[in-house]
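[1] build me a model from this:
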Amino acid sequence: MERPSLEFNLTDTHEEGKLYVVDSLNNLNKLNVCPAESQRSLDEEENTGGTGESMAGSNTRNQCLFFITFILTLIISLALVSFVIFLIFQTRNEVDQISSRLLSEKKNIEELKKLNSIILKHLNQSRIKE
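    Residues are numbered from 1 along each chain as shown. Predicted coordinates:
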């Protein structure tokens with residue numbers, strides 16, 4: 001009778017050893033694969049009994065954070081595009097003003113050249129008469 005009880009105790013020890021080895025391998029895998037924050041969430045999951053409540057809260061929090069980041073990115077992009085369009089229109093207006101000034105100055109220069117030639121002709125004629 002003693003012999004079967006010894007065999008029974010040996011199988012229990014053997015099963016506990018297997019569980020211990022598997023648990024150790026899982027812990028080692030967690031340490032090697034997961035960063036520190038993920039390790040904390042995994043530890044919290046183990047402490048809550050693996051119900052997944054912390055993972056669901058974390059997943060919802062991550063989705064909310066992603067959504068807020070996405071909306072902020074869209075708003076900033078829209079603001080930048082609006083600013084670039086404003087600068088394009090402002091630059092176009094400035095170029096139009098400069099072009100109109102250049103045209104008016106060109107006309108003034110041509111008129112001054114005509115007046116200069118008239119004055120030179122008049123002076124040349126007056127010298128000839130003297």
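[2] got the buried residues for stretch 92-105?
    Within stretch 92-105, not a single residue qualifies as buried, counting by 16 or more other CB atoms under 10 Å. In short, each C-beta sits where N, CA and C put it, glycine included.
[3] name the residues that touch it?
    Outside stretch 92-105, no residue is within contact range by CB atoms under 8 Å, 6 or more residues apart in numbering.
[4] state the mean pLDDT of that stretch.
    What stretch 92-105 shows for mean pLDDT is 95.
[5] can you dump the C-alpha coordinates of it into PDB?
    The C-alpha trace of stretch 92-105 is given here as PDB (Å, rounded to 0.1, in the frame of the first residue of the first chain):
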ATOM      1  CA  ARG A  92       0.100  87.100 -55.700                       C
ATOM      2  CA  ASN A  93      -1.200  90.500 -54.600                       C
ATOM      3  CA  GLU A  94       2.200  91.800 -53.900                       C
ATOM      4  CA  VAL A  95       3.500  90.600 -57.200                       C
ATOM      5  CA  ASP A  96       0.600  92.300 -59.000                       C
ATOM      6  CA  GLN A  97       1.300  95.600 -57.200                       C
ATOM      7  CA  ILE A  98       5.000  95.500 -58.100                       C
ATOM      8  CA  SER A  99       4.100  94.700 -61.700                       C
ATOM      9  CA  SER A 100       1.800  97.600 -61.900                       C
ATOM     10  CA  ARG A 101       4.400  99.900 -60.400                       C
ATOM     11  CA  LEU A 102       7.000  98.700 -62.800                       C
ATOM     12  CA  LEU A 103       4.700  99.400 -65.800                       C
ATOM     13  CA  SER A 104       3.900 102.900 -64.500                       C
ATOM     14  CA  GLU A 105       7.600 103.600 -63.900                       C
END
